[in-house]
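Student: below are the sequence and a predicted model; questions follow.
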Amino acid sequence: MADLESGQPVNGPAGYLEPLGSKPLSKVGSATGLSKAFLSAGMPVTFKDVQYTVINNQNKKEKISLLQNVSGFLLPGEMSALMGPSGSGKSTLLDVLSGRKTVGELQGQVAFAGNKPTRNFLRRFTGYVEQFDTLLGTLTVEEMLMYTADLKRPMHQSRQDKQAAVDELIDVLALEPCRSVLIGSAMSKGISGGQAKRVNIGIALVTNPRVLFLDEPTSGLDSYTANEVMTVVKSLATMGITVCATIHSPTPYCFNLFDRMLLLLRGQVAYFGPNGKMAIEYFRDQCPHLEGLKDGENEAEWIVDLTTQADRQGRAADFGAAYAKSELKTAAEAEIERQLAMASDLDEATRADLAVKRETVTPFWWALRTLLKYRTTKNYKSPDYLGPRIADKLIFSLIIFTLFWKVGNDLSGNNITNISAVLFMWVCLPAFGAASYVPAIVLERPLFVRERNDGLYRVITYLVAKMVEELGIALINSIIFSNIVFWALQLQGSFALFWLIYFLTLSTGIVLAYFIAALSPNMDVANAALPTYVVSLLFFSGFLIRFDAIPNYWKWYAYIDVLRYAWGSLMANQFAGERNVVWVDNESVLDLYSLGGINMWGWLGIEACFTTVFFLFAFLALKYVRHEKR
Ligand SMILES: Nc1ncnc2c1ncn2[C@@H]1O[C@H](COP(=O)(O)OP(=O)(O)OP(=O)(O)O)[C@@H](O)[C@H]1O
């Protein structure tokens, strides 16, 4: 209580902008802050009259206001707390400030160094620690941090420097015991929840942000670890970064690390000003009828308790009104105007950062190399990953091998259906096998969204990395299984075309699966949509019903049926030249299937065009279709 009795004026502007930086940084553990490897200049964040409304998810016809006229600022060198009872709008405000909102209507102003931030600026220069962990389960803690450092630290920084930064983070975040432990997932246990939280904080720190947002950074941590973690975060603020964290029930030590506090009650500001004595005095004045702070009582808990109590009694609006009339508000408004006016008076570095054009630090090729280095090499060693991609092809090849043995060598009339059927199955199976590529997109979405928001890579880089990874396996699969089937069945014509069609159909399956996965909000929808589309293609491929027999009003679908080109090309290969024997009603095999005179290499080219188009669709869907609603 001693610091509450210093005689400083309360409710007034005096000391309003004074950070409480004189507090002891670390009384716990070995975490005494970070070295200059993490130095980055912060910048002020100013928000004025922010109003945020969303469609009420209880009643879609109604709009609900989650933030009302919220104004304030975050300063470089300070750590600010967003506090308030559960549901008061803390995470909403944090998302609004960090530009992470994807739904709702936003009014008012949010400015970084007086300027409206671009999406690229937010991706490049702000860090965000999510409440939920979005990590790569196949990497170890150290690999996860190195992976992020490789993508977000400048490419020219040496490996030793990146390793030193990661080592330092592992040390200060007390992650040494799990440095080489796999992160794991809900289904395969790896590191603990508290360790995952600290890895998430490490990820945000390793990127050297200018402004760092943290959503409930201490939830799930024991009080000792929470204190340690927040001490590290505070050291960043002391080095000049702007830090803002939502915090629910901080320990007294943690609470005292904060320089400034914004307390929300039902989306309204109930207090915005320095943390500490000014806040305590303010609430004591506001709530004279409530029990005051007792000796030794946690100040943060006392403030949250009394405002929650007032909220439950239906007096949230009174707090909002009292703050609106306070000198604190007047002082805040003056400071906000001053900060907004600084837009035209910035140093070169800040100006350049604000105008940044590239959304990532590293170029396409470097990010691609990093994704392949960390993700693909792990996947290629994982039976869980390889199994679904190889097993079906192996099983079906063996069935075809034993069932259709030497079928291709016999061009007698009663065998032609067998040949046509096995070629039809040969192009259908990769299309059905596409289902195994869907989870790679749908289940990984939260991680992809987080990493994209963090500016680690661009959508095209992610998609190309995924494609390269899948095509590597598809290439080997296609070479092995095409060889088994082509020679065992004694199929005729060009082996190169037979293999190319198979490889291309596998590739089309991959991009098609990515496209449908990117469009689908969840696995259920993707699992229903993909087979529906694939089965529709079977009908029009030319085998189940001859092209000539397709009613005119359905013919258009046959023209855009990728399987028709794949199967047609294989048929033309098999029955080329003198092998195009007369079959039924004096018509040759190819004429009967309306494939007479087609150019099999040309049709292969058309299939390649479909692959390209689906790739383009997958890219657009990944880039523009947003499933995250926050
Ligand atoms: N679309 C919506 N329709 C109705 N209510 C919504 C909608 N979106 C958010 N809310 C409500 O808005 C309020 C603010 O949510 P927010 O997550 O910002 O609260 P919070 O203060 O961070 O809470 P906590 O401390 O529990 O995380 C909550 O009561 C939430 O239920």
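Tutor: All right, it came through fine. Numbers count the residues shown, from 1 in each chain.

Student: need the strands for the stretch 1-150 of the chain, in chain order.
Tutor: Along the stretch 1-150 of the chain, counting by DSSP state E, counting those that start in this stretch, strands occupy 45-55, 63-74, 79-83, 105-112, 126-129.

Student: measure the nearest residue to K152 once chain neighbours are set aside to the ligand for me?
Tutor: Using C-beta to C-beta, 6 or more residues apart in numbering and skipping residues adjacent in sequence, the residue nearest K152 is T207, 3.9 Å away. Yep, even glycine has a C-beta here, placed from its N, CA and C like the rest. Distance, T207 to the ligand, using C-beta to the nearest ligand atom, to the nearest Å: 24 Å.

Student: again with T370
Tutor: Taking C-beta to the nearest ligand atom as the measure, T370 and the ligand are separated by 33 Å.

Student: wait, doesn't that residue sit right on A149?
Tutor: No - using C-beta atoms under 8 Å, T370 makes no contact with A149, being 9.7 Å away.

Student: quick one on the thing from earlier: export the strands of the stretch 1-150 of the chain to JSON lines and append columns for mean neighbour count, distance to the ligand and mean pLDDT.
Tutor: Output for the strands of the stretch 1-150 of the chain, formatted as JSON lines (neighbours: other C-beta atoms under 10 Å; distance: least, C-beta to the nearest ligand atom, whole Å; pLDDT from 0 to 100):
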{"stretch": "strand 45-55", "mean neighbour count": "19", "distance to the ligand": "4", "mean pLDDT": "95"}
{"stretch": "strand 63-74", "mean neighbour count": "20", "distance to the ligand": "5", "mean pLDDT": "95"}
{"stretch": "strand 79-83", "mean neighbour count": "26", "distance to the ligand": "8", "mean pLDDT": "95"}
{"stretch": "strand 105-112", "mean neighbour count": "16", "distance to the ligand": "12", "mean pLDDT": "94"}
{"stretch": "strand 126-129", "mean neighbour count": "24", "distance to the ligand": "14", "mean pLDDT": "92"}
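
Student: in TSV: these, plus distance to L423.
Tutor: As requested, the strands of the stretch 1-150 of the chain are exported to TSV (distance: least, C-beta to C-beta, whole Å):
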stretch	distance to L423
strand 45-55	52
strand 63-74	58
strand 79-83	63
strand 105-112	56
strand 126-129	52
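
Student: residues in contact with the residue in the stretch 251-400 of the chain that the ligand sits nearest to?
Tutor: The minimum distance from the stretch 251-400 of the chain to the ligand, using C-beta to the nearest ligand atom, falls at L264 (6.7 Å). Neighbouring residues of L264 by C-beta atoms under 8 Å, 6 or more residues apart in numbering: L67, V70, L82, M83, G84, S88, G89, K90, L93, A270.

Student: check which helix or strand it maps to.
Tutor: Assigned by DSSP states H and E, L264 belongs to strand 260-265.

Student: quick one on the thing from earlier: of all the strands of the stretch 1-150 of the chain, which lies closest to E587?
Tutor: Minimum separation from E587 across the strands of the stretch 1-150 of the chain (C-beta to C-beta) falls at strand 45-55, 61.1 Å.

Student: just checking, next helix/strand downstream of the helix or strand harbouring L506?
Tutor: Taking DSSP H and E as the criterion, L506 maps to helix 495-519. With elements assigned by DSSP H and E, the helix or strand that comes after helix 495-519 is helix 523-539.

Student: residues in contact with the helix or strand of the chain with the lowest mean pLDDT?
Tutor: When each helix and strand of the chain is scored by mean pLDDT, DSSP states H and E, helix 348-354 comes last, with a mean of 79. With C-beta under 8 Å, 6+ apart as the test, helix 348-354 has contacts from A41, M43, F112, A113, N115, P117, T118, F121, R124, F125, R210, L346.

Student: most neighbours among those, which one?
Tutor: Among the contacts of helix 348-354, the one with the most neighbours (other C-beta atoms under 10 Å) is M43, at 28 neighbours.
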